[in-house]
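> Sequence and predicted structure below; questions after.
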Amino acid sequence: MGSKRQSLTLGKLCKVQGFDLVIVRAYASFPSEGGGVDRYITLHNYAKKNRIRSLLCVSNYHHNKKSYRDLSDIGTEEVVLINAGEYKSNLSIQRLIYELKFAYKSYKVVKKNGAKSVLIGEPLFLGWIFFFWLKCRKGTIIFGDFIDLMPEAYMIKFRSKLLFWLIFWPFYLSRLVRVKFLYDKVFTVSQSYADLILRAPKREDSVFYWGVNAVNKSKIFGHIIKVVYAGSLGDGYDIETLIELGKSRPDLKVVIAGSGPKSDLCRHAHEQGFITFLGQIGAIELDNLYQDATYGVLPYKRNSAVSMPIKFYEYLVHRLIIINSLSMECSELINRYKLGCNYLPGSVLSMGDAIDRSSNICIPEGVVKDLEQKYSVESQYKSFVSVIGNYIKVRNNHEKML
């Protein structure tokens with residue numbers, strides 16, 4: 001594990017100037033830290049391929065593992081690790097403070113490097129400080145990329161919506177101001193977020209999905225019906241219902257992998273024989289886990305503000321039937337293309353019923369291929385970087401005219 005002292009180092013990057021783009025996002029997973037596509041690592045790499053000089057500012061604290069990173073795992077001089085402290089719960093005051101500290105320290109890096117374009121991975125509640133620095137330097141631009149629906153995500157902590165709005169209205173107002181007045185361009189990770197945040201007609205250059213890499217291996221069909229989930233084990237996830245499913249349905253093998261605050265709960269259930277808990281696994285192990293699985297679960301709590309999680313794409317390309325508790329775009333796509341069934345979060349009966357109802361589903365290969373093409377990393381990030389590059393080009397041309 002990385003130490004807190006070690007992670008304070010910013011390396012040589014603060015001496016380097018002339019970046020076209022600085023990507024500021026606290027939560028990112030490097031290839032050595034787990035499987036799947038990471039939006040900001042991928043965007044950073046595609047920007048460099050397209051000759052956009054990109055610097056990535058991320059936290060030295062891993063969001064899923066809840067531990068400090070080892071600097072030796074990063075392996076690039078174009079990444080700055082920011083020490084903003086730590087938090088144990090994803091939905092806590094401690095995390096809000098962490099967000100504020102990360103924003104301020106990232107701003108110091110941006111200012112020291114003389115950066116002219118910043119893409120902020122929201123939420124970043126202190127994001128307005130970038131605006132005032134950038135706008136004082138004529139011809140600059142700032143982008144916002146909404147990947148989390150904050151502050152609505154905190155609603156799962158409240159029984160009363162009125163109490164939630166009384167407490168969180170300043171954060172909602174802050175987001176509204178950033179979207180309407182501060183950011184020159186706003187991107188979102190799903191059309192549902194675009195509708196809720198932008199409240200504007202659909203634009204193809206505003207929505208870019210997580211993206212997914214195609215899988216070349218053949219699907220293995222075993223005799224055991226395997227129900228899997230691999231990812232964050234945080235407060236917003238319906239892990240308890242998955243464990244109850246394993247306890248009440250001996251005909252199903254429930255497998256959970258990942259790390260987070262609910263790891264001990266999964267470990268205890270594993271010891272009792274209710275589920276199989278694998279802990280944190282890498283890309284190869286994750287791929288092997290999916291090869292002989294039947295169902296992939298998207299287990300989120302009631303009122304979750306997640307719209308299109310990375311697991312949706314992973315399950316799709318691995319030909320898993322999706323059992324989902326989310327609403328918004330994810331639920332709509334599952335119903336439209338018959339990719340699986342939705343269940344009521346917190347209800348083991350509903351989850352079991354969704355599995356039973358989807359037992360005869362056979363997803364047409366043509367549908368999967370079409371969706372694979374639509375959500376592929378290649379198509380999503382080429383377009384994403386192209387839009388960003390056009391804005392940077394306009395800015396550069398404007399500066400030459402001054």
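Perfect, thanks for sending it. Small disclaimer: the values here were computed from a predicted structure and weren't measured. Numbers count the residues shown, from 1 in each chain.
> all helices of the stretch 301-402 of the chain, in order?
In the stretch 301-402 of the chain, the helices defined using DSSP state H, counting those that start in this stretch lie at 310-317, 328-337, 348-357, 365-375, 377-401.
> quick one: low-confidence ranges for the stretch 201-350 of the chain?
Scanning the stretch 201-350 of the chain for pLDDT under 70 picks out 216-223.
> Sort out which residues of the helix or strand where residue 241 lies are buried, please.
Following DSSP states H and E, one finds residue 241 within helix 239-248. The neighbour-count check on helix 239-248 (16 or more other Cβ atoms under 10 Å) flags 239, 240, 241, 242, 243, 244, 245, 246 as buried. Any C-beta I mention is one placed from the backbone N, CA and C, and that applies to glycine too.
> what's that helix in contact with?
Residues from elsewhere that reach helix 239-248, judged by Cβ atoms under 8 Å, 6 or more residues apart in numbering: 227, 229, 233, 252-254, 256, 262, 265-266, 269, 274-275, 297, 299, 345-348, 351-352.
> now with 6 Å?
233, 254, 262, 269, 274, 275, 299, 346, 348, 351 (Cβ atoms under 6 Å, 6 or more residues apart in numbering).
> what angle separates that helix from helix 348-357?
Comparing the axes of helix 239-248 and helix 348-357 via axes from the mean of the first three to the mean of the last three Cα atoms, to 10 degrees yields an angle of 70 degrees.
> Tell me the first helix or strand C-terminal of helix 239-248.
Toward the C-terminal end, the helix or strand that comes next after helix 239-248 (DSSP H and E) is strand 252-259.
> Run the angle between the following helix or strand past that following strand and helix 239-248 for me.
Beyond strand 252-259 in the direction of the C-terminus, DSSP H and E gives the next helix or strand as helix 263-271. Helix 263-271 and helix 239-248 are oriented at 0 degrees to each other (the same axes, to 10 degrees).
> circling back: I'd like the contacts of helix 239-248 written out as a markdown table, with neighbour count and distance to residue 364 added.
A markdown table is the format used below for those (neighbours: other Cβ atoms under 10 Å; distance: Cβ to Cβ, whole Å):
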| residue | neighbour count | distance to residue 364 |
| --- | --- | --- |
| 233 | 25 | 33 |
| 254 | 23 | 27 |
| 262 | 19 | 36 |
| 269 | 22 | 36 |
| 274 | 20 | 35 |
| 275 | 26 | 31 |
| 299 | 26 | 26 |
| 346 | 15 | 32 |
| 348 | 20 | 30 |
| 351 | 27 | 25 |
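> now, among these, which is nearest to residue 372?
residue 299 (23.6 Å; Cβ to Cβ).
> how close does residue 238 get to residue 230?
15 Å (Cβ to Cβ, to the nearest Å).
> List the backbone torsions phi and psi for the residue nearest to residue 315 when sequence neighbours are not counted.
Nearest non-adjacent residue to residue 315, counting by Cβ to Cβ, 6 or more residues apart in numbering: residue 296, 3.5 Å away. Main-chain dihedrals, residue 296, degrees, to the nearest 10: phi -120, psi 130.
> For this structure, which segments are assigned as strands?
Secondary structure of the chain (DSSP state E): strands located at 21-24, 54-59, 61-62, 67-68, 79-82, 117-122, 141-146, 185-188, 225-232, 252-259, 276-277, 295-298, 321-324, 340-342.
> so where's the stretch 51-200 of the chain uncertain?
71-77, 137-140.
> Do a quick rundown of the helices in it.
Counting by DSSP H, counting those that start in this stretch, the stretch 51-200 of the chain has these helices, from start to end: 93-113, 128-135, 161-177, 191-193.
> most packed of these?
The highest mean neighbour count among those, using mean count of other Cβ atoms under 10 Å, belongs to helix 191-193: a mean of 21.
> Output the contacting helices and strands for it.
helix 328-337 (3 or more Cβ pairs under 6 Å, 6 or more residues apart in numbering; DSSP states H and E).
> coming back round to it: tell me which of the helices of the stretch 51-200 of the chain lies nearest to residue 64.
helix 93-113 (13.3 Å).
> That closest one vs strand 117-122, what angle?
Using the same axes, to 10 degrees: helix 93-113 against strand 117-122 is 170 degrees.
> Show me what helix 93-113 is packed up against.
strand 54-59, strand 79-82, helix 128-135.
> Please state the offset of it from the chain centre?
Helix 93-113 has its C-alpha centroid displaced from the chain centroid by 19 Å (Cα atoms, centre = their mean, to the nearest Å).
> Kindly report the same for stretch 98-115.
Averaging C-alpha positions (Cα atoms, centre = their mean) puts stretch 98-115 21 Å from its chain's average.
> I'd like the distance between residue 209 and residue 229.
21 Å.
> I misspoke; the intended subject was residue 28.
As judged by Cβ to Cβ, residue 28 and residue 229 stand 21 Å apart.
> And for residue 367?
Taking Cβ to Cβ, one finds residue 367 at 23 Å from residue 229.
> and what of residue 89?
Counting by Cβ to Cβ - residue 89 and residue 229 are separated by 20 Å.
> more crowded one of those two?
For residue 89 versus residue 229, neighbours defined as other Cβ atoms under 10 Å are more numerous around residue 229 (27 against 15).
> just checking, the more buried one touches residue 296?
No: counting by Cβ atoms under 6 Å, residue 229 stays clear of residue 296, with 7.2 Å between them.
> Quick check: pLDDT value at residue 15.
With respect to pLDDT, residue 15 scores 49.
> Ok, residue 3 next?
42.
> As a markdown table, the contacts of helix 239-248 with distance to residue 84 would be great.
Listed next are the contacts of helix 239-248 as a markdown table, based on distance: Cβ to Cβ, whole Å:
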| residue | distance to residue 84 |
| --- | --- |
| 233 | 22 |
| 254 | 35 |
| 262 | 23 |
| 269 | 33 |
| 274 | 37 |
| 275 | 34 |
| 299 | 28 |
| 346 | 32 |
| 348 | 38 |
| 351 | 36 |
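> I'd say residue 234 and residue 259 touch.
No: look at residue 234 against residue 259 with Cβ under 6 Å: they stay out of range, at 9.5 Å.
> picking up where we left off before, how about the strands of the chain in JSON lines, adding distance to residue 388?
Converted to JSON lines, the strands of the chain look like this (distance: least, Cβ to Cβ, whole Å):
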{"stretch": "strand 21-24", "distance to residue 388": "7"}
{"stretch": "strand 54-59", "distance to residue 388": "9"}
{"stretch": "strand 61-62", "distance to residue 388": "26"}
{"stretch": "strand 67-68", "distance to residue 388": "30"}
{"stretch": "strand 79-82", "distance to residue 388": "18"}
{"stretch": "strand 117-122", "distance to residue 388": "7"}
{"stretch": "strand 141-146", "distance to residue 388": "7"}
{"stretch": "strand 185-188", "distance to residue 388": "8"}
{"stretch": "strand 225-232", "distance to residue 388": "28"}
{"stretch": "strand 252-259", "distance to residue 388": "31"}
{"stretch": "strand 276-277", "distance to residue 388": "40"}
{"stretch": "strand 295-298", "distance to residue 388": "29"}
{"stretch": "strand 321-324", "distance to residue 388": "31"}
{"stretch": "strand 340-342", "distance to residue 388": "34"}
